[in-house]
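Trainee: below is the sequence, then the predicted model.
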Amino acid sequence: DTEVTQTPKHLVMGMTNKKSLKCEQHMGHRAMYWYKQKAKKPPELMFVYSYEKLSINESVPSRFSPECPNSSLLNLHLHALQPEDSALYLCASSRDPQSSGNTIYFGEGSWLTVV
Amino acid sequence: SQKIEQNSEALNIQEGKTATLTCNYTNYSPAYLQWYRQDPGRGPVFLLLIRENEKEKRKERLKVTFDTTLKQSLFHITASQPADSATYLCALVFMEYGNKLVFGAGTILRVKS
């Protein structure tokens, strides 16, 4: 079983809604990630947090807003999304942002449908 | 730009045979490479990591090779079982971009009994 917990597992939202995806890990990992995965495609990196600070933003539209309130929690705030944003959103974590050779642990993902 | 290529078509093999999956990359010299398994509707699960100075790594029925000259990794599953059916993803870590993990498109493996 994964030790990265994501909620909700499924979310349906309208284009004018504001919602959030949540991610939690208690492994003491100091790097956390958001990935987006469309059907039959590989996961694509969106954001990386290292020691609770945003270190990578892969030119993600501002309608996606990440937040890392503490070392165990990672949120993704969603606002004014488009139907093409419908996808599986994966949270992940790894032990040490400075170390090569980290294992990255993924959550089960949150299925998002924008209607 | 960096490019990671995996077998684009699904690999169908008979139970008990060895499955071999290929990962090729260009325009990059990674310090290490990882392999993940992903089942439908679930997050990827880490399988193996191999460093640039390692030629081969084994874990139970799994074996990974890494040829930095050919820029290629091979992933082998010996004595394959129907439960091994899944999508297998290779991934490279770009340390100069702060531990950024980039995945190949993945290869679907189907093991028939």
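Mentor: Good, I have the coordinates. Numbers count the residues shown, from 1 in each chain, chains lettered A, B, ... in the order given.

Trainee: and chain B, which residues reach chain A?
Mentor: Residues of chain B lying close to chain A by CB under 8 Å from any CB of the partner chain are B:31-32, B:34, B:41-46, B:49, B:51, B:89, B:93, B:95, B:97-106. Every C-beta, even on glycine, is put in place using the N, C-alpha and C of the backbone.

Trainee: that's a helix at A:Glu84, yeah?
Mentor: Yes - according to DSSP: H, G, I helix; E, B strand; the rest coil, A:Glu84 belongs to a helix.

Trainee: so what's residue 43 closest to, chain neighbours aside?
Mentor: Defaulting to chain A. Nearest residue to A:Pro43, sequence neighbours excluded (CB to CB, 6 or more residues apart in numbering or on different chains): A:Tyr35, at 3.9 Å.

Trainee: was after chain B, sorry
Mentor: A:Phe106 (3.5 Å).

Trainee: gap between the nearest residue to B:Phe66 once chain neighbours are set aside and B:Ile108?
Mentor: Among residues not flanking B:Phe66 along the chain, B:Ile50 sits closest, at 4.5 Å (CB to CB, 6+ apart). Per CB to CB, to the nearest Å, B:Ile50 is found 22 Å from B:Ile108.

Trainee: buried ones in stretch B:18-33?
Mentor: For stretch B:18-33, the neighbour count (16 or more other CB atoms under 10 Å in any protein chain shown) marks B:Ala19, B:Leu21, B:Cys23, B:Asn24, B:Tyr25, B:Pro30, B:Tyr32, B:Leu33 as buried.

Trainee: what mean pLDDT does that stretch get?
Mentor: Averaging pLDDT along stretch B:18-33 gives 88.

Trainee: and for stretch A:45-63?
Mentor: Mean predicted lDDT for stretch A:45-63 stands at 93.

Trainee: quick one: residues in contact with it.
Mentor: For stretch A:45-63, contacts defined as CB atoms under 8 Å, 6 or more residues apart in numbering or on different chains pick out A:30-36, A:44, A:64, A:66, A:68, A:70-71, A:74, A:76, A:78-82, A:85, A:97-98, B:97-102.

Trainee: please apply the same query to stretch B:54-66.
Mentor: B:33, B:35, B:47-52, B:67, B:72-80.

Trainee: which among the contacts of stretch A:45-63 end up buried?
Mentor: For the contacts of stretch A:45-63, a burial check counting by 16+ other CB under 10 Å picks out A:30-36, A:44, A:64, A:66, A:68, A:71, A:74, A:76, A:78, A:81, A:85, A:97, B:99-102.
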